[in-house]
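Predicted coordinates and the sequence they were generated for:
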Amino acid sequence: MKRVYLDYNATTPVEPEVLDAMLPYFSAEFGNASSIHNFGQQARAAVETAREQVAALIGARAQEIFFTSGGTESDNHAIFGIVALSFPSSLSSTSSRSHIITSLVEHEAVLNACQALEKQGVGVSYLPVDQDGLIDPQDLQAALRKETVLITIMHANNELGTVQPLEEIGRVAKQADVYFHSDAVQSAGKIPLDVNQFQLDLLSLSGHKLYAPKGIGALYVRGGTRLRQLLYGGHHQRGVRPGTENVAGIVGLGKAAEIARRSLANDAKRLGALRDQLEHGLLKRVPYARINGARAVRTPNTANLVFPGVEGEALLIALDLKGLACSTGAACSSGAVEPSHVLT
């Protein structure tokens, strides 16, 4: 059976060019990047090159990039780190001194972090979205309080592909003097992304969404941003994110970021055309089918459709038996009894 994989928002294969760049760091170039001898310094040079490559993808400076284990860690570090340092007492169960604004369609790495803080007394406002999955910047403005310390809104939704108006959100955050974080896991490497244009203070990305391996990600932290560290250990990455560097994974993420930056425009045009062709074909052939987020700006690789009267999981199993791999929602939520919180 010929199998067709249409679940790239869940994960991507490692690009051959990325794998080639990584391979030496599993064996021949095995040094610890914190060691001062030649073996270590060769690894250090590779890590710093990757830091520059990731920074270039998002318009940042190399010293503002910190490598993590992936998007979930980056999101958690940004959210917990800002709240903990903005009001050191805010993590006590009796305190409600700090306040966060997020949206109802965030990835669970953001939603569950916010809900955990709520249980500890932190105020959280969850912005509603319209039928296309977009927040209204006026709702954001109305949700601001004097206690607000962080706005965390994703760039592109992992299920719908809808792209939030980060430039407008950034202006609101800047005027209110509130830190602004975005989960860019599904947008990095797919659509243009500039942390300065969007006035972002923090940004999360993950390697396995852009043809790098699983288990590697990055957190952008704008210079001057006060962020409490999440982990405690050695002095790696200036103490912000301790732990012996995953050199092979970091090199892979750097190479993937470099390739994505080079091919972004052409890939977006090609994928957008394919996505549109697929959607039009399905709408023509399947009565009453409709596209979610059709009126919004979307990432070019993402299509989300409704087929009324069909149970999602049963459809997925039937498609898989025909050799077609796709998804009803986030891979992180597969197996859950509840329907997609984004579509709901």
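Now that the structure is in, tell me what you want to look at. These numbers were taken from a predicted model, which means no experiment stands behind them.

which residues touch residue 319?
Counting by C-beta atoms under 8 Å, 6 or more residues apart in numbering, residue 319 touches 325-326. Placement of C-beta: from N, CA and C, glycine included.

does residue 240 really touch residue 66, like I thought?
Yes: using C-beta atoms under 8 Å, residue 240 is in contact with residue 66, at 5.1 Å.

quick one, which of the two is more surrounded?
It is residue 66, of residue 240 and residue 66, that has more neighbours when counted by other C-beta atoms under 10 Å, with 21 against 18.

Wait, a strand at the more buried one?
Yes: assignment of residue 66 by DSSP: H, G, I helix; E, B strand; the rest coil places it within a strand.

Skip the chain neighbours and tell me the closest residue to residue 59.
Among residues not flanking residue 59 along the chain, residue 194 sits closest, at 3.9 Å (C-beta to C-beta, 6 or more residues apart in numbering).

so the one you found is in which element?
Using DSSP states H and E, residue 194 is not contained in any helix or strand.

Near it, how many other residues are there?
Residues near residue 194, counting by other C-beta under 10 Å: 14.

what residues are up against the most centrally placed residue in the chain?
Note on the chain: the residue nearest the mean C-alpha position is residue 185, at 2.0 Å, using C-alpha atoms, centre = their mean. By C-beta under 8 Å, 6+ apart, residue 185 lies in contact with 71, 107, 154, 158, 204-206, 209, 217.

May I see the buried residues of the longest helix along the chain?
Longest helix in the chain, counting residues (DSSP state H): helix 247-285. Buried residues in helix 247-285, counted by 16 or more other C-beta atoms under 10 Å: 247-261, 264, 267-268, 271, 275, 279.

For the next helix-or-strand element following that helix, what does the pLDDT average out to?
Using DSSP H and E, the helix or strand that follows helix 247-285 towards the C-terminus is strand 290-291. Strand 290-291 shows a mean pLDDT of 96.

Parallel or antiparallel, list what pairs with strand 290-291.
According to DSSP bridges, strand 290-291 forms sheet pairs with strand 305-306 (antiparallel).

contacts for the strand it pairs with?
Strand 305-306 has contacts (C-beta under 8 Å, 6+ apart) with 279, 282, 289-292.

Farthest-apart pair in those, please.
Pairwise distances across the contacts of strand 305-306 (C-beta to C-beta) peak at 12.5 Å, for the pair 282 and 292.

got a list of what the residue lying farthest from the centre of the chain touches?
Distance from the C-alpha centroid of the chain peaks at residue 37, with 35.5 Å (C-alpha atoms, centre = their mean). Counting by C-beta under 8 Å, 6+ apart, residue 37 makes contact with residue 31.

Sweet, I'm off.
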